[in-house]
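[1] got a predicted structure plus its sequence, pasted below:
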Amino acid sequence: MTLATNAPLARARALFFDGTAHFEAGRLEAARDSFAAALALAPGRPSIQANLGVTLFRMEQWAQAVALLEPAVAAEPEQPDAWLALGLSLKALGHWLPAEQPLQKGLDQGRGTAQAWLALAHIQERLGREVAALQAVERALQLEPESAEAWSARGGLLLLAHLQDEAVRSFERAIALGADESLHRFYLASVR
């Protein structure tokens, strides 16, 4: 290859690094623009697709994120952030069943946050997999033991499993951590 042939790839690389810097600084629109320009110069590059997809996910442009993330993870499966963004984008679009596998893959690759585990729990509960949902909530609590949202979710799942005493303790913990007291008092009244 001649130097002229390498120029678009060199420019794509520079734009990619610019996009990464913008993303890390929270400048999502600038990151999106840099990644999009890089992708135009190097079409089909999974790393660029993944970074642009994750950026679009963070910008709540879920359908566009999915369109980029699906081919990116198919080409390079070891991208936990891309898997998580794909699963969360699908969930945001209301595609519960398709969201479960990518979210689980991202979590399995070790990038799990408490919020990602709670999202998986919500999906699994919607799909009627309460035991798996409870396990996901427990993982969220391991990462963030002071999460009122996780304690509330745990209480709801324990209630479904007819474990009233444990559900009560979880709801009380959620209240203590700042969850909506009136709503959780209603839950507690329904248990007692």
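    That came in fine, so what should we check first? Fair warning: this is a prediction, and the values are worked out from it, not measured in the lab.

[2] for the helix or strand of the chain with the lowest mean pLDDT, what is the distance to the chain centroid?
    Ranked by mean pLDDT, DSSP states H and E, the weakest helix or strand in the chain is helix 181-191, scoring a mean of 75. Relative to its chain's centre, helix 181-191 lies at 29 Å (C-alpha atoms, centre = their mean, to the nearest Å).

[3] which secondary structure elements does it contact?
    Packed against helix 181-191, as judged by 3 or more C-beta pairs under 8 Å, 6 or more residues apart in numbering; DSSP states H and E, are the following elements: helix 148-160, helix 164-176. Placement of C-beta: from N, CA and C, glycine included.

[4] pipe those helices into CSV and attach mean neighbour count per row.
    Formatted as CSV, the helices and strands packed on helix 181-191 follow (neighbours: other C-beta atoms under 10 Å):
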stretch, mean neighbour count
helix 148-160, 22
helix 164-176, 18
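
[5] how about those helices in JSON lines, adding mean pLDDT?
    Output for the helices and strands packed on helix 181-191, formatted as JSON lines (pLDDT from 0 to 100):
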{"stretch": "helix 148-160", "mean pLDDT": "93"}
{"stretch": "helix 164-176", "mean pLDDT": "91"}
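
[6] and the longest helix anywhere in the chain, which residues are buried?
    Across the chain, the helix with the greatest residue count (assigned by DSSP state H) is helix 3-24. Buried residues in helix 3-24, defined by neighbour count with 16 or more other C-beta atoms under 10 Å: A12, R13, L15, F16, D18, G19, H22, F23.
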